[in-house]
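Participant: Turn this into a structure:
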Amino acid sequence: MSKPITLGIQSPEGQKRVQVSGTAKIDELYKSVHKAFDLKSMEFSLFKDQRKSVEVANSKVKSVTSSGLKHGDRLFMFPKSKSDSVFKTPTEPAAVTASGSGAAAAPGGSAQNGTSSTSVSPAVPSNVKEDPIDIELQKLDGKIVRGKDPVHCKNCSSTSSCVHCIPLDPFDESYLKEKQIKFLSFHSYLRKISGGMSKGKFTPLKNLCMKVKPTSRCSYACTQGQGICSKCLPSAVTLGRQPWRHVDSIMFENAQIVDRFLQFWRESGAQRVGWLYGKYEHYTEVPLGIKAVVSAIYEPPQESSKDHINILPDPRADIVEEIANGLGLTKVGWIFTDLVPAANGQVKNYRGMDTHFLSAQEIINAANFQNMHPNPSKSTEEGYFGSKFVTVCVTGNKENEIHMEGYQVSNQSMALVRDNILVPTKDAPELAYVRESSEKNYVPDVFFMEKDKYGNEIKKIGRPLPVEYLLIDVPVSTPKEPQYTFPVPQERKQFPVENRLLESSIQDFNSFARYISQFRSAEFYDAVADFHVLVFLAALDIVPLRDFMGSLLESLKIGDREGAREWSYLDPWSNLQALVQASTMN
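Facilitator: Residues are numbered from 1 along each chain as shown. Now for the predicted structure:
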């Protein structure tokens with residue numbers, strides 16, 4: 001029997017080596033290739049060169065050596081049909097771990113309990129529904145149009161361009177620097193990594209995972225839970241500045257939205273937190289930018305004091321989401337106050353470069369919320385990447401005035417919090433701490449770069465970790481011309497906001513009766529065009545309205561005053577109106 005020879009097989013899906021005897025028939029070589037690549041059929045051909053000019057045809061008569069093949073040669077394998085691949089797709093059955101059954105994938109992209117069910121990466125889920133704003137921006141060219149230069153563009157016509165007036169890419173560094181744009185928009189970043197000859201093949205979007213993930217290549221002891229091998233250990237992470245942000249601006253439709261939210265602090269002196277409801281829209285100030293437009297603030301049940309807030313479970317959470325969806329709104333972020341009163345109606349300023357912008361605990365909370373609201377994306381295997389969920393902090397600025405600051409945390413920060421690696425320090429809000437490994441939980445090393453006293457960049461482990469490495473700032477504004485999804489009634493008292501334990505803000509049927517009695521029947525639209533009123537009506541037990549509010553929400557969504565008034569003629573509202581009249585008479 002002749003000595004076996006090793007041949008390299010290059011395929012569109014990678015390279016493998018096969019061993020066959022020199023006297024073996026070519027048919028046996030084809031079977032060895034089929035087994036090595038785990039192909040689903042024999043519909044492929046082998047060639048001696050990549051141009052397919054010299055084929056090694058399948059034969060049960062001709063041997064390997066008689067075909068001119070020798071030890072170390074490389075063959076190129078191609079499917080016979082371009083339309084039908086011989087490779088198994090990731091959705092087909094794949095080898096499972098030694099346990100025989102896989103754990104369900106956790107929201108963070110790693111399998112629960114640190115186990116993985118397959119050896120093949122999952123394909124992008126076919127049911128991923130991206131946000132409408134992402135679909136809209138994907139259709140845009142994104143190029144930055146420049147005008148004709150009167151000096152250099154004299155020979156350019158209306159249909160031609162030169163180097164001085166050719167449109168720029170949305171990620172052009174000189175343009176971003178000129179406009180003082182610190183971060184790329186997410187879609188500009190996608191255009192940047194998917195440009196060039198590779199079209200993003202070598203820089204795909206990938207969610208960071210810092211948990212142990214056993215695979216089919218792990219040792220037997222590893223798959224049995226008796227140890228950890230090098231094949232499933234997560235790599236060490238060096239934190240860096242994220243070059244893009246998912247949201248480029250936060251805009252409140254009008255100042256009254258925040259003013260109504262701050263009324264609780266003005267009356268009680270206690271801090272407050274709320275959920276931001278609105279829409280994501282195209283932000284034209286940044287190439288392919290996205291802005292979160294806030295239409296309303298919902299305040300969940302909470303315990304608060306001058307320096308503490310604790311969000312409680314909300315029994316109305318499903319109702320709030322249902323009302324928001326009916327109005328075409330979504331939860332875009334959260335807002336909290338950190339205000340300390342000073343003399344002359346001013347507030348103290350203690351957040352900034354010298355202290356901190358957000359504390360470690362606030363960053364961990366923001367990362368938790370972003371993990372709970374991932375950004376749908378067809379560019380990753382898991383079907384999501386990062387988050388559009390924003391954080392707004394209301395605090396004092398350098399002029400001791402009430403000021404809003406917007407933030408997001410980086411994708412690296414989301415992964416650190418999701419995998420239970422990051423914790424706050426006890427008495428230094430500007431510092432977080434990376435957990436240490438234990439027998440039950442392996443934690444990879446997390447580094448950050450810092451300059452020493454000589455100006456040299458050195459790598460330090462994140463124990464402790466400055467939180468500025470995890471933050472991305474987002475500008476907050478209100479438009480010059482206020483917008484009103486929910487009109488503010490003039491010369492009328494507004495409906496009390498939910499979950500406020502203040503005598504002036506008790507929300508019950510009597511307060512609703514007093515509120516609605518301020519409006520005539522012709523003003524029904526203005527009376528119910530309030531997010532807090534709609535949530536109260538949907539949760540009302542005395543007259544169940546929740547199942548009948550669909551058409552009302554649709555009318556409010558499109559601004560149809562006549563449609564809203566027609567809804568007020570229906571029996572459910574008539575019954576409620578009768579109870580209101582009886583209540584006010586008493």
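Participant: For the stretch 1-150 of the chain, which residues score under the pLDDT cut-off?
Facilitator: Across the stretch 1-150 of the chain, the stretches falling below the confidence threshold (pLDDT under 70) are 1-2, 82-85, 88-126.
Participant: before we move on, what about the chain?
Facilitator: In the prediction, the chain carries residues with pLDDT under 70 at positions 1-2, 82-85, 88-126, 196-203, 214-227, 585-586.
Participant: could you redo the last one with a cut-off of 50?
Facilitator: Filtered on pLDDT under 50, the chain yields the residue ranges 90-122.
Participant: Next up, the contacts around the most centrally placed residue in it.
Facilitator: Ranked by distance to the mean C-alpha position of the chain (CA atoms, centre = their mean), the top residue is Ser387 at 1.6 Å. For Ser387, the residues meeting the contact criterion (CB atoms under 8 Å, 6 or more residues apart in numbering) are His246, Gln370, Asn371, His373, Pro374, Asn375, Gln408, Met414. C-betas here are computed from N, CA, C, even on glycine.
Participant: next one: Pro466
Facilitator: For Pro466, the contact set (CB under 8 Å, 6+ apart) comprises Glu430, Leu431, Phe448.
Participant: What ranges does the stretch 301-450 of the chain have for its helices?
Facilitator: 317-326, 360-372, 411-418 (DSSP state H, counting those that start in this stretch).
Participant: Show me which residues of the first one are buried.
Facilitator: The reference is to helix 317-326. Of the residues in helix 317-326, those buried by neighbour count under the rule 16 or more other CB atoms under 10 Å are Ile319, Val320, Glu321, Glu322, Ile323, Ala324, Gly326.
Participant: my read: the last one touches Ile558, true?
Facilitator: No - with contact defined as CB atoms under 8 Å, Gly326 does not count as touching Ile558 (11.6 Å).
Participant: From Ile461, how far out is Glu439?
Facilitator: Here Glu439 is placed at a distance of 20 Å from Ile461 (CB to CB, to the nearest Å).
Participant: Settle it for me: which of the two has more neighbours?
Facilitator: For Glu439 versus Ile461, neighbours defined as other CB atoms under 10 Å are more numerous around Ile461 (12 against 5).
Participant: Surely that one is in contact with Asp445?
Facilitator: Yes - taking CB under 8 Å as the definition, Ile461 is a contact partner of Asp445 at 6.0 Å.
Participant: still on that earlier bit, among the helices of the stretch 301-450 of the chain, which is nearest Glu468?
Facilitator: helix 360-372 (9.7 Å; CB to CB).
Participant: in the closest one, what counts as buried?
Facilitator: Using 16+ other CB under 10 Å as the burial criterion, the residues of helix 360-372 that qualify are Ala360, Glu362, Ile363, Ile364, Asn365, Ala366, Ala367, Phe369, Gln370, Asn371.
Participant: so what's the residue nearest to Arg463 when sequence neighbours are not counted up against?
Facilitator: If you skip the residues right next to it in sequence, Arg463 has Val434 as its closest partner in space, 5.4 Å away by CB to CB, 6 or more residues apart in numbering. For Val434, the contact set (CB under 8 Å, 6+ apart) comprises Leu416, Ile421, Leu422, Val443, Val446, Ile461, Gly462, Arg463, Leu465.
Participant: what does Ser305 give?
Facilitator: When the contact criterion is CB under 8 Å, 6+ apart, the partners of Ser305 are Ala270, Gln271.
Participant: Any figure for the gap between it and Leu358?
Facilitator: Noted for Ser305: a distance of 20 Å to Leu358, by CB to CB.
Participant: next one: Phe261
Facilitator: 19 Å.
Participant: Give me the neighbour count for the closest residue to Ala428 other than its chain neighbours.
Facilitator: Once its chain neighbours are removed from consideration, Ala428 has its nearest residue in Pro464; the separation is 7.1 Å (CB to CB, 6+ apart). The number of residues packed around Pro464, counting by other CB under 10 Å, is 16.
Participant: For Pro464, give me its contacts.
Facilitator: For Pro464, counting by CB under 8 Å, 6+ apart, the contacting residues are Thr425, Ala428, Leu431, Ala432, Tyr433.
Participant: Just among these, which is most surrounded?
Facilitator: Among the contacts of Pro464, the one with the most neighbours (other CB under 10 Å) is Ala432, at 28 neighbours.
Participant: Specify the beta-bridge partners of it.
Facilitator: Residues in a beta bridge with Ala432, per DSSP bridges, are Pro424, Leu465.
Participant: you'd agree Ile290 is up against Ile133?
Facilitator: Yes - with the criterion set as CB under 8 Å, Ile290 and Ile133 qualify as a contacting pair; they are 5.7 Å apart.
Participant: Neighbour count: those two, which is higher?
Facilitator: Here Ile290 and Ile133 are set side by side on neighbour count (other CB under 10 Å), and the busier one is Ile290, at 23 against 19.
Participant: so which of the helices of the stretch 301-450 of the chain comes closest to Leu69?
Facilitator: Put simply, out of the helices of the stretch 301-450 of the chain the one that sits nearest Leu69 is helix 411-418, at 47.7 Å, with distance taken as CB to CB.
Participant: so what does that closest one touch, helix or strand wise?
Facilitator: On a contact count with 3 or more CB pairs under 8 Å, 6 or more residues apart in numbering; DSSP states H and E, helix 411-418 meets helix 360-372, strand 384-387.
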